[in-house]
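Enquirer: here is my input, please return the structure:
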Amino acid sequence: MITINTSDNKKVYFASDQHLGAPTTEASFPREKKFVAWLDEVKEDAEAFFLLGDLFDFWFEYKTVVPKGFVRVLGKLAEIRDSGIPIYFFVGNHDLWMHDYFEKELNIPVFHEPKEFTINNKLFLIGHGDGLGPHDKGYKRMKKVFTFPLFKWLFKWLHPDLGVRLGQYMSVKNKMISGDEDAKFLGEENEWLVQYCKKKLTEKHYDYFVFGHRHLPLDIQLQENSKYVNLGDWIQYFTYGVVDKESLKLKTYK
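Expert: Alright, predicted model coming up:
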């Protein structure tokens, strides 16, 4: 388990679901610039950053090729990491084919499953959030196919121009990027991630569960000393999480 204790006036920042490249590279460019501006602003008091997936709307790492574009956000992440600030990346359902590019080029560890962290003596369970909780069996089956080694091996033999174009087409067809239809609060009893968190609490205490994926900023009290926080997105809400010595709060970047 990784432990982070913030120095005086330092904070830990969380963000998720930027979906850069959707619906087109040109259309997402203002959002990329806005996200980079946020990174540039908050790095001044950052102890660490957590990026909880779907930074890109599609990402596939061939052995010697990665998708074209996103140089501003990649450059800013490299700058922040080179300055000594840790960054932790959790893959989402749109960038689940991430391999070791971030680790080798940017020195940013990549996690494919939720992971426990201790931050300022509080226990966090952190992840993207896709495929967790009850139901959504269709997506869970699809994820097993997409992460199956044979499927990835076959896909990499597509020429990158064809493979990336196909992947982008399939990603844009996913309604989750829109921030509209799926980003409606369903009530605690119908929110799968809420149900997942409540089940985890029967096994072990967590002070905070932090996830993305839902494209909806949520701050839900599960128990007296336990919260579920969803980070929203950078399509419609431009929300992020910040941890100081006292608590985790959701904020909006204007």
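
Enquirer: what's the mean pLDDT across stretch 220-229?
Expert: Average pLDDT, stretch 220-229: 97.

Enquirer: okay, now the nearest residue to residue 214 once chain neighbours are set aside: neighbour count?
Expert: Once flanking residues are discounted, residue 214 sits nearest to residue 230: 4.9 Å by Cβ to Cβ, 6 or more residues apart in numbering. For every residue, glycine as well, the C-beta is placed using N, CA and C. For residue 230, the neighbour count with other Cβ atoms under 10 Å is 28.

Enquirer: state the helix or strand in which the nearest residue to residue 160 once chain neighbours are set aside lies.
Expert: Spatial nearest neighbour of residue 160, excluding adjacent residues (Cβ to Cβ, 6+ apart): residue 65 at 4.9 Å. In the assignment (DSSP states H and E), residue 65 maps to no helix and no strand.

Enquirer: can you read off the pLDDT for residue 65?
Expert: The score at residue 65 is 74. That number is its pLDDT.

Enquirer: can you pull out the low-pLDDT segments for the stretch 51-200 of the chain?
Expert: Residue ranges of the stretch 51-200 of the chain with pLDDT under 70: 135-148, 151-155, 157, 159, 161-182.

Enquirer: what segments of it are helices?
Expert: Here the stretch 51-200 of the chain has its helices, by DSSP state H, counting those that start in this stretch, at 71-82, 101, 137-146, 149-155, 160-173, 192-201.

Enquirer: which residues does residue 27 contact?
Expert: With contact set as Cβ atoms under 8 Å, 6 or more residues apart in numbering, residue 27 has no partners.

Enquirer: is it in a helix, a strand, or coil?
Expert: Using DSSP: H, G, I helix; E, B strand; the rest coil, the structure places residue 27 in helix.

Enquirer: next one: it from residue 66, what distance?
Expert: Using Cβ to Cβ, to the nearest Å, residue 27 is found at 21 Å from residue 66.

Enquirer: show me where the stretch 1-150 of the chain has its strands.
Expert: 2-4, 11-15, 46-51, 87-90, 110-111, 115-119, 122-126 (DSSP state E, counting those that start in this stretch).

Enquirer: what pairs with the third one, parallel or antiparallel?
Expert: Strand 46-51 has these partner strands in its sheet, going by DSSP bridges: strand 11-15 (parallel), strand 87-90 (parallel).

Enquirer: closest to residue 249 out of the strands of the stretch 1-150 of the chain?
Expert: Residue 249 lies closest to strand 11-15 among the strands of the stretch 1-150 of the chain, at 9.8 Å (Cβ to Cβ).

Enquirer: can you tell me what sits against that closest one?
Expert: Contacts of strand 11-15 (Cβ under 8 Å, 6+ apart): 4, 6, 35, 38, 42, 45-52, 119, 126, 210, 231, 234, 240-244, 248.

Enquirer: restricted to buried residues, select those in ChimeraX.
Expert: Restricted to buried positions by 16 or more other Cβ atoms under 10 Å, the ChimeraX selection for the contacts of strand 11-15 reads:
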select :4,6,35,38,42,46,47,48,49,50,51,52,119,126,210,231,234,240,241,242,243,248
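
Enquirer: wait, residue 74 touches residue 102, no?
Expert: No. The pair residue 74 / residue 102 is not scored as a contact, 9.0 Å apart, by Cβ atoms under 8 Å.

Enquirer: ok, those two, which is more surrounded?
Expert: Each of residue 74 and residue 102 has its neighbours counted (other Cβ under 10 Å); residue 102 has more, 25 against 17.

Enquirer: show me what contacts the more buried one?
Expert: If you count contacts by Cβ under 8 Å, 6+ apart, residue 102 has them with 89, 108, 109, 110.

Enquirer: ok, now residue 82?
Expert: Contacts for residue 82 (Cβ under 8 Å, 6+ apart) come out as residue 107.
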